[in-house]
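**Q** from the sequence below, what's the structure:
(one chain, ligands or ions: 1)
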Amino acid sequence: MAATSVSVHPDVRKVLFDEDALRLRIRELGAQLTRDYAGRRLLVVGVLKGSLIFMSDLLRAIGNEVDVHMDFVAVSSYAGTASTGTIRVLLDLRENPEGRDMLVVEDIVDTGLTLSSLTETLRARRPASLEVCTLLDKVECRKTPFTPKYVGFKIPNEFVVGFGLDYDERYRQLPYVGILRTP
Ligand code: IMP
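**A** As a prediction, the model looks like this:
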């Protein structure tokens, strides 16, 4: 893996995906989305805040063949709601998704609780289609079955930060994804 162009944060134990690896994979995902949605109008919905950096790169990797629109949602953290698996929508869509092709963009799927609940909520608004694109997938951590259609990288059960992902709102700006050093 090529060296990253910035020095690694001292709180990061190991860089999992550097800038080059992220750029290459996002380019591939963009090409796949361009093929799958060519000639269609696509409402890309980012889940704030974690998806922000991934989404901005992903949107720019989608070709002219797709008529791209963007919107955002924010949901409450699963931490307080893990027992029920339901989430609270803190910031709702501005666009009406009814009858439209939707792509929900997330930073990471862990237990699956957030996205299974969010997609259920969004499906109730009757989009023509709804798929999920996540940068990272901790496949072995599911508490509820959930399979995103588009996945950047499958990762083991480690706590990662950077490229939008945070620990206590820190480290989102790191241009790579790395495993956080535990104290
Ligand atoms: P899920 O409902 O357990 O799938 O949780 C998804 C959310 O948990 C993500 O959107 C992140 O906000 C958070 N999360 C889960 N794992 C990590 C991690 O390794 N680093 C940072 N945030 C994480």
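
**Q** flag the helix or strand of this structure with the lowest per-element mean pLDDT.
**A** Each helix and strand of the chain was given a mean pLDDT (mean pLDDT, DSSP states H and E); the minimum falls on strand 89-91 at a mean of 92.

**Q** pLDDT score assigned to the closest residue to residue 61 other than its chain neighbours?
**A** Computed as C-beta to C-beta, 6 or more residues apart in numbering, the closest residue to residue 61 that is not its neighbour in sequence is residue 30, at 2.4 Å. (C-beta placed from N, C-alpha, C; glycine too.) Listed pLDDT for residue 30 reads 98.

**Q** I'd say residue 30 and residue 65 touch.
**A** No - the pair formed by residue 30 and residue 65 falls short of the contact definition of C-beta atoms under 8 Å, at 11.2 Å.

**Q** check which residues of stretch 160-168 are buried.
**A** Judged by neighbour count using 16 or more other C-beta atoms under 10 Å, the buried positions of stretch 160-168 are 160-166.

**Q** make that stretch 11-27, sorry
**A** For stretch 11-27, burial by neighbour count (16+ other C-beta under 10 Å) applies to 12, 15-19, 21-22, 25-26.

**Q** tell me, what residue is most central in the chain?
**A** The structure's the chain has its C-alpha centroid closest to residue 106; by C-alpha atoms, centre = their mean the separation is 1.9 Å.

**Q** mind checking how far that one is from residue 7?
**A** In this structure, residue 106 lies at 28 Å from residue 7, with C-beta to C-beta, to the nearest Å as the measure.

**Q** now do the residue nearest to residue 61: how many residues are near it, please.
**A** Neighbours of residue 30 under the rule other C-beta atoms under 10 Å: 19.

**Q** and it, helix, strand or coil?
**A** helix (DSSP: H, G, I helix; E, B strand; the rest coil).

**Q** let me see the contact set for it.
**A** Contact partners of residue 30, counting by C-beta atoms under 8 Å, 6 or more residues apart in numbering, are 58, 60-63.

**Q** between the residues you listed, which sits nearest residue 116?
**A** Nearest to residue 116 among the contacts of residue 30: residue 58, at 21.5 Å, using C-beta to C-beta.

**Q** which of the three states applies to that closest one?
**A** Following three-state DSSP, residue 58 is assigned to helix.

**Q** doesn't residue 120 belong to a helix?
**A** Yes - when classified by three-state DSSP, residue 120 is found to be part of a helix.

**Q** all strands of the chain, in order?
**A** Listed in chain order, the strands of the chain (DSSP state E) span 12-17, 41-48, 67-75, 89-91, 101-109, 129-137, 150-154, 160-161, 177-180.

**Q** could you name the helices and strands sitting against the fourth one?
**A** Think strand 89-91. If you count contacts as 3 or more C-beta pairs under 8 Å, 6 or more residues apart in numbering; DSSP states H and E, strand 89-91 packs onto strand 67-75.
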